[in-house]
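Colleague: from the sequence below, what's the structure:
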Amino acid sequence: MSSPKDQFSFRKLLRRFRNSRHGSAAVQFAIVAPLFFGLLFAIIEVAMMFFAGQYLETINQNLARLIMTGQAQQSSYSGPADFLNKNLCQSSAPVLFTCSNLYIDVESYSAFQNITINSQIDGSGNFTSGNMQYNPGGPGDIVVVRLFYQWPTFVTGFGFNLANLSNKNVLLTATAALKNEPY
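Modeller: Below is the predicted model:
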């Protein structure tokens, strides 16, 4: 049985604990920190993804310029992977991307009205790279150059999910439509 003295000291201890403000900042930080860091990392991830998208657009414009001026047609490339390897990966390694995960699709058309662009994401949310072509056309042809990269996401564990692929990646796409010069 507890004595009145023990009950008094227990109440005194509870009162002291309730009135004490030592460590309240640590408790508040422990409550707010996961939300703060989750938001901070999500902002950083979105910024990196937008930066990577802009970098992919720049790479695509440079490769499209090679096709538009006829330099790509006058060289002998066996396919889209060979075109990417010789014009991008061997000359200047892309900073944010690995060359093995970059895909390019080059298709030519007789008129702008005939352009059809198909989605590279199938019904299951997988990236389909099997139908990539390399057809840069000839002088005066309309050409669509599309560049793809599967960007990995990291902050999805906090409930922030940008992924549009089933493997938790974001498919970054850059597209350029052009008319070849008379080379």
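Colleague: could you use CA atoms for every contact and neighbour count after this?
Modeller: Fine.
Colleague: so what's the residue count around the closest residue to residue 140 other than its chain neighbours?
Modeller: Computed as Cα to Cα, 6 or more residues apart in numbering, the closest residue to residue 140 that is not its neighbour in sequence is residue 180, at 4.8 Å. Neighbours of residue 180 under the rule other Cα atoms under 10 Å: 22.
Colleague: surely residue 180 and residue 141 touch.
Modeller: Yes. Using Cα atoms under 8 Å, residue 180 is in contact with residue 141, at 5.5 Å.
Colleague: count the neighbours of the nearest residue to residue 128 once chain neighbours are set aside for me.
Modeller: Nearest residue to residue 128 in three dimensions, chain neighbours excluded: residue 120, at 5.3 Å (Cα to Cα, 6+ apart). By the criterion of other Cα under 10 Å, residue 120 has 17 neighbours.
Colleague: the residue nearest to the spatial centre of the chain in helix, strand or coil?
Modeller: Nearest residue to the geometric centre of the chain (Cα atoms, centre = their mean): residue 151, 3.4 Å. Using DSSP: H, G, I helix; E, B strand; the rest coil, the structure places residue 151 in strand.
Colleague: swap in residue 103?
Modeller: What three-state DSSP gives for residue 103 is strand.
Colleague: my read: residue 153 touches residue 168, true?
Modeller: Yes. Residue 153 is within contact range of residue 168, at 6.6 Å (criterion: Cα under 8 Å).
Colleague: for the longest helix belonging to the chain, packing partners?
Modeller: Looking across the chain with DSSP state H, the single longest helix is helix 24-68. Helix 24-68 sits against strand 142-152, strand 169-179, with contacts defined as 3 or more Cα pairs under 8 Å, 6 or more residues apart in numbering; DSSP states H and E.
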